[in-house]
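>>> with the sequence up front, the predicted model follows.
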Protein chains: 2
Amino acid sequence: MAKDKKLVEEITSMEEDFTKWYTDVVKKAELMDYSSVKGCMIFKPNGYAIWENIQRLLDERFKETGVQNVYLPMFIPESLLQKEKDHVEGFAPEVAWVTHGGMEKLQERLCVRPTSETLFCDLYSNIVQSYRDLPKLYNQWCSVVRWEKTTRPFLRSSEFLWQEGHTAHATEEEAEERTIRMLNVYADFCEQVLAIPMVKGKKTDKEKFAGAKSTYTIEALMHDGKALQSGTSHNFGDGFAKAFGIQYTDKENKLQYVHQTSWGVSTRLIGALIMVHGDDSGLCLPPLVAPVQVTVIPIQQAKDGVLDKANEIVDSLKAEKIRTNIDDSDKSPGWKFSEAEMRGVPLRVEIGPKDIEAGNCVIVRRDTREKTICPISDVASKVKELMGIMQSDMLAKAKAHLESHISDAHNYEEFKDAVENKPGFIRAMWCGDEECELKIKEDTTATSRCMPFEQESIDDKCVCCGKPAKKLVFWGKAY
Amino acid sequence: MAKDKKLVEEITSMEEDFTKWYTDVVKKAELMDYSSVKGCMIFKPNGYAIWENIQRLLDERFKETGVQNVYLPMFIPESLLQKEKDHVEGFAPEVAWVTHGGMEKLQERLCVRPTSETLFCDLYSNIVQSYRDLPKLYNQWCSVVRWEKTTRPFLRSSEFLWQEGHTAHATEEEAEERTIRMLNVYADFCEQVLAIPMVKGKKTDKEKFAGAKSTYTIEALMHDGKALQSGTSHNFGDGFAKAFGIQYTDKENKLQYVHQTSWGVSTRLIGALIMVHGDDSGLCLPPLVAPVQVTVIPIQQAKDGVLDKANEIVDSLKAEKIRTNIDDSDKSPGWKFSEAEMRGVPLRVEIGPKDIEAGNCVIVRRDTREKTICPISDVASKVKELMGIMQSDMLAKAKAHLESHISDAHNYEEFKDAVENKPGFIRAMWCGDEECELKIKEDTTATSRCMPFEQESIDDKCVCCGKPAKKLVFWGKAY
């Protein structure tokens, strides 16, 4: 027990060292672990269960828009990867190559998929013939590999879990509509389920996906004021279709190229959950995505009737499909509280002899520590009510944090000052020239996060070069 | 439309050529497709949706026994794979090797996991210290790679989808209990959900898993009388624990090795569904696992009110959480019937102007073609009733097929005759000697499928060599 106690106490304060705090939470909440395989991580039960909830709830939303799930091979022949020029240039430097199968050397190298555009294109070129075959709205949940030198749990690793949607459409308009629609599915999901508000916009050409005509992004702001690209949606136009020969005959019996999109989110979202909602006691999970929503902790559990009553409460919560567990281990109540807090369990229910005598229990919120005394017979309805309030309070808090961490810069001095002294997004005008993006990055390490959908002109001139401004851009340091 | 019609008609009869029938069904029901990657398949929406149902329903059953899901890396360093001698010998000849990451040659080759015992052992050696840490009951859903020369959809491919459970226990008894428990979870799932009865038993030493102390199996019988190994559960004893140094301190503070198990089922189960329940019209899916449980087919849909009424029926079924779609395409009703049959949709609901006038619709079962006339207002309850009946009728039919395809052989002549002329399992006594297994395989191509849990003595002598018999064995040709 002494050892356990120490584990809880050992967490670094987030104001002191945010990076170390992050790693501590990941480790102490038992979300993830390093493996013997360089750059690859182990998703432990507490971490993987969050991903399962994200999968289930996001997958429902995909299917509501007509998307179907498929599974394509994890290997891509080198010749297939090379078919689209920009795409191969973007990905070839960071893929893992399989050269031998069993005892034999392969005739052609295979890369482990870093993303599957090429395989989906190959499939579509075989199964799309007529306008009747369109649209194709496929998605897969899988792992992908991008050879990384540095590793950071959930944010950067050589192998990670994600979903990749790939669609093919008859027209340009339809493809653009699907690109934006899926971006909105992501943004709504993040707001409503993860309680994380997003800035939505378009990536600059420099930051767009290898092979895309345009890339849209959702960007979240972490507690330390850094941005996290949390999901992207790409419109490919007919570029891939031309490279892979994906053609259909339209209603007038003319051959046309399809227009395509792809879109993905990954286990990075778990990193966002940690860095947006966590505090010095550990993880804090929004109820909708929490693997355990309520932990029941008996007080003086050796006393007659306490465990029975605690288990009654567990049963009444489970009967209402509330994800509940009980901590009836021989640890002290204080330690159990700390552990439930570290793991981010939204609500804990305390029940001891005095509570039982009064017919009550105590419900404590993870986010505010607010205590509610509640008649035992009402516990399920009270828990539901509190989870609803907590879900919206957490979003409101994250929104307030986002809004109070956006500053405007009208000239380069203001910009540099903001990067130094005002953690968060910087809104500033841009001439549209890649050189200014490069200079800004070199001078300040800030990058263009996106050109927000809601454009306005806060100045006439580019914040960097002073030439006429074309776009309002959100800039920031990013993970 | 002419082209579509042809597709449905083109299916080979199962009595004429079962192998070709199988491939035809896989293709025409759009379950799977070949890919540009040798040995790797594409799971198309209809096929993947079956796997999603299997995952969901099996995962629930795992979790009820305390299992937690995790995700471990897809790569295994060569040195880690080599730690357990039998294991590496069994798998090294059939793994894919990654030799390069990005532009660089790796210092150590990595294999793409063919199975993950070695990674789980590595993890357990790090996280198991005390008896308090036991048992560990982990599982992962993932894809694995075993380099295969020949490919057969769902049955054999270089990459396939599966789950692999890996557990660590304090005692030998507990490990054995878990091994058997998971085998029973599989067998019950196959019977109750897939409507496939299983023969349960132990593998001979020759057929057991590389590195296991004992392997248990569930064996199903396909329509053509061949066996399909459908799931296995392994007791490793402390062999892996010794190779990987997985030790814990017990209550007396003494160091002990853990005892381990692993167990898995794969997308082979979809192959079993096809070959147990299918017929010359295509796939026939048990309602519990069917992605679409009911297809509503409007008759004379251009007539006033038909489509409205059909959609009303769809809504009333969906409201009861019955997985329902409508075929309101411009194809003929006959073609729509064939297509729904090919895809194995358990029930179709026909609704036309005459039915509407009478206030009825027609429900047709996929397995028996039996028609039920049903008041439109009762359609949801009738559909539920018919799905229940169909689920148990399909199991009863499969059981009858299994039981009528088991024959006993008392001597080698009878045995060879049975392999030639009586498709199915052959029950025969065995001396326990691997030489007899090898001879039987060479002479007849039949292999030992399992030593059933319910042992009896049907003869004193080994069916092959005539020496004293030790075990009753189920033999058969197998996929």
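Received the coordinates, thanks.

>>> the least confident helix or strand in chain A by mean pLDDT: what's the following helix or strand?
Ranked by mean pLDDT, DSSP states H and E, the helix or strand of chain A with the weakest confidence is helix A:2-9, at a mean of 50. Along the chain past helix A:2-9, the next helix or strand (assigned with DSSP states H and E) turns out to be helix A:18-28.

>>> pull out the buried residues from that following helix.
Residues of helix A:18-28 classed as buried by neighbour count (16 or more other Cβ atoms under 10 Å in any protein chain shown): A:18, A:21, A:22, A:23, A:24, A:25, A:26, A:27, A:28. Using the backbone N, CA and C atoms, a C-beta is placed for each residue, glycine as well.

>>> quick one: average pLDDT of that helix?
On average, the pLDDT along helix A:18-28 is 97.

>>> center of chain A, which residue is that?
When chain A is reduced to its mean C-alpha position, the closest residue under Cα atoms, centre = their mean turns out to be residue A:269, at 1.8 Å.

>>> state the pLDDT value of the residue of the stretch 351-479 of chain A found nearest chain B.
Among the residues of the stretch 351-479 of chain A, residue A:479 lies nearest to chain B; the distance is 21.0 Å by Cβ to the nearest Cβ. Per-residue confidence (pLDDT) for residue A:479: 95.

>>> that one contacts residue A:228, correct?
Yes: taking contact to mean Cβ atoms under 8 Å, the distance of 4.9 Å between residue A:479 and residue A:228 places them in contact.

>>> residues from the stretch 51-200 of chain A in reach of chain B?
Within the stretch 51-200 of chain A, the positions adjacent to chain B are A:51-52, A:68-77, A:80, A:93-103, A:110, A:112, A:119, A:122-123, A:126-127, A:138, A:142-143, A:145, A:147, A:158-159, A:161 by Cβ under 8 Å from any Cβ of the partner chain.

>>> tell me where the model's unsure across chain A.
A:1-9 (pLDDT under 70).

>>> try it again with 50
Within chain A, the set of residues satisfying pLDDT under 50 comprises A:1-4, A:7.

>>> could you pull out the buried residues of the longest helix along it?
Determined from DSSP state H, the single longest helix within chain A is helix A:379-403. Of the residues in helix A:379-403, those buried by neighbour count under the rule 16+ other Cβ under 10 Å are A:379-380, A:382-384, A:386-387, A:390-391, A:393-395, A:398, A:401-402.

>>> kindly report the same for stretch A:419-426.
Residues of stretch A:419-426 classed as buried: A:419, A:423, A:424, A:425, A:426 (neighbour count, 16+ other Cβ under 10 Å).

>>> now stretch A:231-244
By neighbour count, with 16+ other Cβ under 10 Å as the criterion, the buried positions of stretch A:231-244 are A:231-241, A:243-244.

>>> just the ones of those in strands?
Judged by DSSP state E, these include A:231, A:232, A:233, A:234, A:235, A:236, A:237 as members of strands.

>>> now, which of the buried residues of stretch A:419-426 lie within strands?
When the buried residues of stretch A:419-426 are checked against strands using DSSP E, the ones located there are A:425, A:426.

>>> of the buried residues of stretch A:419-426, closest to residue A:186?
Checking those against residue A:186 by Cβ to Cβ gives residue A:425 as the nearest, at 18.3 Å.

>>> can you pull the contacts of the closest one?
Taking Cβ atoms under 8 Å, 6 or more residues apart in numbering or on different chains as the definition of contact, the neighbours of residue A:425 are A:199, A:219, A:221, A:227, A:402, A:405, A:406, A:407, A:449, A:474, A:475, A:476.

>>> ok, now which ones touch the last one?
The one in question is residue A:476. Residue A:476 makes contacts with A:219, A:221, A:225, A:226, A:227, A:424, A:425, A:426, A:446, A:447, A:449, as judged by Cβ under 8 Å, 6+ apart.

>>> if we use 10 Å, what do you get?
Counting by Cβ atoms under 10 Å, 6 or more residues apart in numbering or on different chains, residue A:476 makes contact with A:199, A:219, A:221, A:225-228, A:405-406, A:418-419, A:423-427, A:444-450.
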